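**Q** Need coordinates for the following:
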Amino acid sequence: MKLKQLSTFLLVADTRSLSRAAVASDTAQSLVSRQIAMLEAAWGGRLFDRTGRGMALSDFGKRMYPEVKRVVDQVTQLDATASDAAGVLTGTVHVGVLPSLSRQLLPRLLSDMLERAPALRLHVLEGFSGTLDEQLASGRLDMIVVNRYGSSALRGEDVLGKVDTFLIGKAGRPELAGETTPFRALAGLPLVLPAAPNGLRSTLDVLSRRHDVPLEIVMEVDTATSMKDVAASGHAFTLLPKTAVAQEVAAGLLGASRVASPGIRRTIALSLTRQRQLSDGARLVASRVRVLASALLAG
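**A** Numbers count the residues shown, from 1 in each chain. Alright, predicted model coming up:
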């Protein structure tokens, strides 16, 4: 049994896909599959169930996951401690980022880290807030940048900025002609939104009941890219912050109008893991995320 096999097991479990695990590890999919098969043969049990939605941990795999995670984390921490003691920041820092910020934040973060700590590796998971919260709570991520709906972040989180929510659709649609769109005007519009449970969906449900505005959700998707693609087709609208569609709006592909009366305000927050002590490298990344994301949101 090798550390590589254990790390591959964790990666497949986290991504729920052999192909995504192969891309993330820059390894052939056949080799990823072989590593899993070798573990299963060594342990005498099936680690994954192959489903229509990807690779799901079997009961045996769920039992083994925390044990494998503990071993890999200990080895990783050992390497980080040795590197920190030598004055060189190395190892991998696991960061979760909202889809609405990833396109603009990640290139800036990578450029910054290549200059400040070139031996440090970033592993980034893009996802909606609910998914990122789960990954942080499980110890799979060192930090996350997430949405909190309302005026404040959770206790212990750093507020990076606040953004408004916009109605997004194909450029030129008359519904987007005004600078703002009243919330009541969303009634009857075909909407493509993230699947529940989701912070935006919960907020919309509350506002819909409070203001007696029925919402027509025609499609649920799990990525911001799909939300934008459907909106650009002209068949539906979506709801996103302006940062998520800045390039598409500038290119004339999408139009945006701020939702008002009431508006939907998002607080963007940085949350750090409480499952373990952050390495010096992770603390550096967190400090740079605070600076870069705050500047991005302020702009």
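**Q** so which helix or strand takes in Leu239?
**A** For Leu239, the element it lies in under DSSP states H and E is strand 238-241.
**Q** And for Ser7?
**A** helix 3-15.
**Q** Which strands or helices does that helix pack on?
**A** The helices and strands touching helix 3-15, judged by 3 or more Cβ pairs under 8 Å, 6 or more residues apart in numbering; DSSP states H and E, are helix 18-25, helix 29-43, strand 54-57, helix 59-85. Every residue, glycine included, has its C-beta placed from N, CA and C.
**Q** Need those in JSON lines (columns: mean neighbour count, mean pLDDT and distance to Asp158).
**A** As requested, those are exported to JSON lines (neighbours: other Cβ atoms under 10 Å; pLDDT from 0 to 100; distance: least, Cβ to Cβ, whole Å):
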{"stretch": "helix 18-25", "mean neighbour count": "18", "mean pLDDT": "84", "distance to Asp158": "27"}
{"stretch": "helix 29-43", "mean neighbour count": "15", "mean pLDDT": "92", "distance to Asp158": "36"}
{"stretch": "strand 54-57", "mean neighbour count": "17", "mean pLDDT": "91", "distance to Asp158": "32"}
{"stretch": "helix 59-85", "mean neighbour count": "14", "mean pLDDT": "82", "distance to Asp158": "23"}
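**Q** what's the closest of these to Arg265?
**A** Of all the helices and strands packed on helix 3-15, helix 18-25 sits nearest to Arg265, with 33.3 Å by Cβ to Cβ.
**Q** that older thread, what pairs with the strand holding Leu239, parallel or antiparallel?
**A** Here strand 238-241 has these sheet partners by DSSP bridges: strand 158-170 (antiparallel).
**Q** which residues make contact with the strand holding Leu239 from outside it?
**A** 100, 163-169, 191-193, 200, 204, 224, 227-228, 230-231, 259, 264, 266 (Cβ atoms under 8 Å, 6 or more residues apart in numbering).
**Q** Please pick the buried ones from these.
**A** 100, 163, 165-169, 191-193, 200, 204, 224, 227-228, 230-231, 259, 264, 266 (16 or more other Cβ atoms under 10 Å).
**Q** got the contact list for Trp259?
**A** Just to correct that, residue 259 is Val rather than Trp. Residues in contact with Val259 (Cβ under 8 Å, 6+ apart) are Asp164, Thr165, Phe166, Leu167, Thr180, Thr181, Pro182, Phe183, Leu186, Leu239.
**Q** mind checking how far it is from Gly188?
**A** 15 Å (Cβ to Cβ, to the nearest Å).
**Q** just Lys162 next, same as before
**A** Going from Lys162 to Gly188 by Cβ to Cβ gives 29 Å.
**Q** Likewise for Arg276?
**A** 49 Å.
**Q** Kindly report the domain assignment for the chain.
**A** 1-87, 93-299 (automatic domain parsing).
**Q** Could you work out the end-to-end span of the last one for me?
**A** Read that as domain 93-299. 27 Å (Cα to Cα, to the nearest Å).
**Q** average pLDDT for that domain?
**A** Averaging pLDDT along domain 93-299 yields 92.
**Q** For the stretch 101-250 of the chain, just list every one of the helices.
**A** Per DSSP state H, counting those that start in this stretch, the stretch 101-250 of the chain carries helices over the ranges 129-137, 199-211, 224-233, 246-250.
**Q** Would you format the ones you listed as a markdown table with distance to Pro66 included?
**A** Listed next are the helices of the stretch 101-250 of the chain as a markdown table, based on distance: least, Cβ to Cβ, whole Å:
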| stretch | distance to Pro66 |
| --- | --- |
| helix 129-137 | 13 |
| helix 199-211 | 27 |
| helix 224-233 | 31 |
| helix 246-250 | 40 |
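**Q** residues in contact with the spatially most central residue of the chain?
**A** Centroid check for the chain by Cα atoms, centre = their mean gives Gly127 as the closest residue, at 2.4 Å. By Cβ under 8 Å, 6+ apart, the contact set of Gly127 is Gly96, Leu98, Pro99, Gln135.
**Q** Please consider this matter closed, and thank you.
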